[in-house]
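Visitor: turn this into a model:
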Amino acid sequence: ETDSLADINEVSDDSNINEVNQPDKPESQGDMNSATSGHDSGTSSEKSSQTVQSVNDVISVFLVVAKDRVIKGEHIYSACLGNNLQYGDMKIFHRLASDGEIMFSLSDMRKPGWFDIDQINSHITRGVSLFTQLSMVSDPVKTVDDMLLCAHKMAGLLGAQLCGQDRMLLNESSVKLMREKAKGFADGRLSANI
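Guide: Just a heads-up that it's a prediction; the model follows:
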């Protein structure tokens, strides 16, 4: 088991796997930091503050296999379908709420981060990322809980280790922090709307 953890922490040895959390997208589709993209107004510290706020509302987890293993695209596709993730916008998979809102998404950890659905059977990777942006969902706490449940199920299906944002094995402490962050975000939004 120690070897597996060491392998997970050495993910960057053979790829750009640590460099990507979300897929590259054409500029016209925007990005998770669209609030700060393309704006020239404001001071440098205001821009920095906006960027930090954008980054801080993203929660992600990673499903990673040991460096001598790969995850096949066909297995990712099957696991996604079995967990109600639909292929769509930005060429990645999404869990949609009943009203069509994107709750969370799944991307490849390697650049460019997206999947060519026509070539999914030849796709291989060492890991995928599930992520949500708290400012874009109506119920951050439920979304984080649903994403974590989905991640646990998919880890079993893909034979992967479930890791937190720090790429270390996910533990109770990390899960508690994610839930607290989501609850704090939801509470802050609720008090701001009163």
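Visitor: dump the longest helix seen in the chain to CSV, keeping only the CA atoms.
Guide: Secondary structure of the chain per DSSP state H: the longest helix is helix 172-192. Output for helix 172-192, consisting of C-alpha atoms alone and laid out as CSV, is shown next (Å, rounded to 0.1, in the frame of the first residue of the first chain):
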residue,chain,number,x,y,z
GLU,A,172,-12.0,12.1,6.6
SER,A,173,-10.2,15.4,7.4
SER,A,174,-10.1,16.4,3.7
VAL,A,175,-13.7,15.5,3.2
LYS,A,176,-14.7,17.5,6.3
LEU,A,177,-12.9,20.6,5.0
MET,A,178,-14.6,20.3,1.6
ARG,A,179,-18.0,20.1,3.2
GLU,A,180,-17.2,23.0,5.5
LYS,A,181,-16.1,25.0,2.5
ALA,A,182,-19.3,24.2,0.6
LYS,A,183,-21.4,25.0,3.7
GLY,A,184,-19.6,28.2,4.3
PHE,A,185,-20.1,29.2,0.7
ALA,A,186,-23.8,28.4,0.8
ASP,A,187,-24.2,30.2,4.2
GLY,A,188,-22.4,33.3,2.9
ARG,A,189,-24.5,33.3,-0.2
LEU,A,190,-27.7,33.0,1.9
SER,A,191,-26.7,35.8,4.3
ALA,A,192,-25.8,38.0,1.3
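Visitor: so what's Leu85 closest to, chain neighbours aside?
Guide: The spatially closest residue to Leu85, leaving aside those adjacent along the chain, is Phe93, at 4.0 Å (CB to CB, 6 or more residues apart in numbering). All C-beta spots, glycine's among them, are computed from the backbone N, C-alpha and C.
Visitor: returning to that earlier point: now the longest helix of the chain: buried residues?
Guide: By neighbour count, with 16 or more other CB atoms under 10 Å as the criterion, the buried positions of helix 172-192 are 174-175, 178-179, 181-182, 185-186.
Visitor: and the furthest pair within those?
Guide: In these, the most distant members under the criterion CB to CB are Ser174 and Ala186, with 18.9 Å between them.
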